[in-house]
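In: Requesting a structural model of the entry that follows:
(one chain, ligands or ions: 1)
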Amino acid sequence: MGVIVVGAGLAGLACARELDRAGVAVHVFDREPVVGGRLGSAVSAGRSADVGAGYFTANDPAFVEQVRTWLAAGVARPWTDTLMTYDRGGPPHASTGPVRFTAPGGLRALAEDLAAGLDVTLGCEVTELPRADAVVLAMPGPQALRLLTPDAAAPAGGTGDTGTGTDGVGLVVEAARLQRWSAVLAVVLTYPERSWPCFRGAFVNNHPVLDRVFDDGDRRGDHAPVLVAHTNAEFAAVHLDRPADAGPEVERATRELLGLPTPATAVHVHPWRYAQPGARPDSAEFVLGDGVALAGDAFGRPRVQTAWLSGRAAGAALAARLG
Ligand SMILES: Cc1cc2nc3c(=O)[nH]c(=O)nc-3n(C[C@H](O)[C@H](O)[C@H](O)COP(=O)(O)OP(=O)(O)OC[C@H]3O[C@@H](n4cnc5c(N)ncnc54)[C@H](O)[C@@H]3O)c2cc1C
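Out: This is a model prediction of the structure:
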């Protein structure tokens, strides 16, 4: 029967690649019509913009090696090591850190690269645990709970209850329930022209609406007059039921922050209910019950690198077990 991976985000695809490499039959399902999960993009005013991860960094040796292959293939490119920080009441300042990588065609291209040659079915929502030699749920815990405990309503951010599933799945249920998630609204703002000095991207501290703002034209390299603003979790939580209504407030906040002369001519809001997991109490890379694994970026700092490492480790463990 082989292994079924549910979720074609970076974790699921890294897992499937590892299994495939080890000669284990693997099939990936995703409910969306495209791969990539939170490496998402949205089309606004006829142009595609990144609305998921803003960029990625790499410091794990194995992931650094993976990034090298993406760079060599032109899938990814180094973007910048310097971003701005806006603190309330103070002037913005530049801070230099690790190299941030991005993708000219959008970060989803990383997932498309991993998916090449794999058996992937898209547009297929999995509603209960499939029958297979093993199943990997490569997704946020609350989404996994819908498959693990289909009769119970999935909690919005985890309840903290202890799982009591049967057939060895209880460990996985418990891990999924312990995860805490917060939301983000990603808002694509298209302007008549580029009226801002090149700032690449900015962290926004202690702001009632904004958390980060990215120059998507700079990030994608086409210099389109497009910004993508990410809201903070509190603002997103209030607007999750009617995200489009939040667009004008985010547009105004971004314009004020950057001192832009004109409003955006197109505003597109993309809600992420499960955008960012909270910190984990332990250092496990994934959890594996009796034939069911849970993987994803909740197993570490919520980063692209973490998702890849988690999926890859789950795939390697299953390959060893099944082999
Ligand atoms: C707004 C935002 C900003 C971010 N910024 C950064 C950043 O700057 N740097 C960084 O490194 N990371 C960032 N991240 C985090 C990064 O995007 C994630 O760590 C990574 O993409 C998670 O990958 P994953 O495979 O674990 O999960 P996901 O990408 O969420 O994949 C889960 C997949 O499972 C599928 N799925 C769920 N339920 C089902 C079902 N029942 N049936 C079928 N399919 C299902 C989903 O459709 C999805 O494709 C950001 C994320 C968001 C949302």
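In: switch to C-alpha atoms for all contacts and neighbour counts from now on
Out: Fine.
In: Within range of the ligand, give me the residues from this protein.
Out: Proximity of the chain to the ligand, by CA under 6 Å from any ligand atom, involves residues 6-12, 29-32, 36-39, 52-56, 124-127, 138-139, 143, 184, 186, 272, 275, 296-297, 302-304, 307.
In: Sitting in helices, which of those do you find?
Out: Leu10, Ala11, Gly12, Gln143, Val304, Ala307 (DSSP state H).
In: Could you give me the buried positions within stretch 277-289?
Out: Pro277, Gly278, Glu285, Phe286, Val287, Leu288, Gly289 (16 or more other CA atoms under 10 Å).
In: now stretch 64-73
Out: Result for stretch 64-73 [16+ other CA under 10 Å]: buried residues Gln66, Val67, Trp70, Leu71.
In: can you give me the offset of that stretch from its chain's centre?
Out: Between the centre of stretch 64-73 and the centre of its chain there are 19 Å (CA atoms, centre = their mean, to the nearest Å).
In: Quick one: residues in contact with that stretch.
Out: Contacts with stretch 64-73, where a contact means CA atoms under 8 Å, 6 or more residues apart in numbering, come from Ala58, Ala76, Arg77, Leu110.
In: Ok, stretch 304-323 next?
Out: The contact list for stretch 304-323 (CA under 8 Å, 6+ apart) reads 10-19, 22, 24, 53, 56-58, 60, 63, 134, 136, 138, 285-288, 293, 295-300.
In: Number of residues surrounding the residue in the stretch 151-300 of the chain positioned nearest to the ligand?
Out: The stretch 151-300 of the chain approaches the ligand most closely through Gly296 (3.3 Å), counting by CA to the nearest ligand atom. Residues near Gly296, counting by other CA atoms under 10 Å, number 32.
In: from memory it sits against Pro140, does it?
Out: Yes: using CA atoms under 8 Å, Gly296 is in contact with Pro140, at 6.7 Å.
In: among the contacts of stretch 304-323, which ones are buried?
Out: Buried members of the contacts of stretch 304-323, scored by 16+ other CA under 10 Å, are 10-19, 24, 53, 56-58, 63, 134, 136, 138, 285-288, 293, 295-300.
In: in the stretch 101-250 of the chain, which segments are predicted with low confidence?
Out: Applying pLDDT under 70 to the stretch 101-250 of the chain flags residues 152-168.
In: all strands of it, in order?
Out: Using DSSP state E, counting those that start in this stretch, the strands found in the stretch 101-250 of the chain span residues 119-121, 134-138, 181-190, 201-205, 210-215, 226-231.
In: Direction included, what does the third one pair against?
Out: Here strand 181-190 has these sheet partners by DSSP bridges: strand 226-231 (antiparallel), strand 266-277 (antiparallel).
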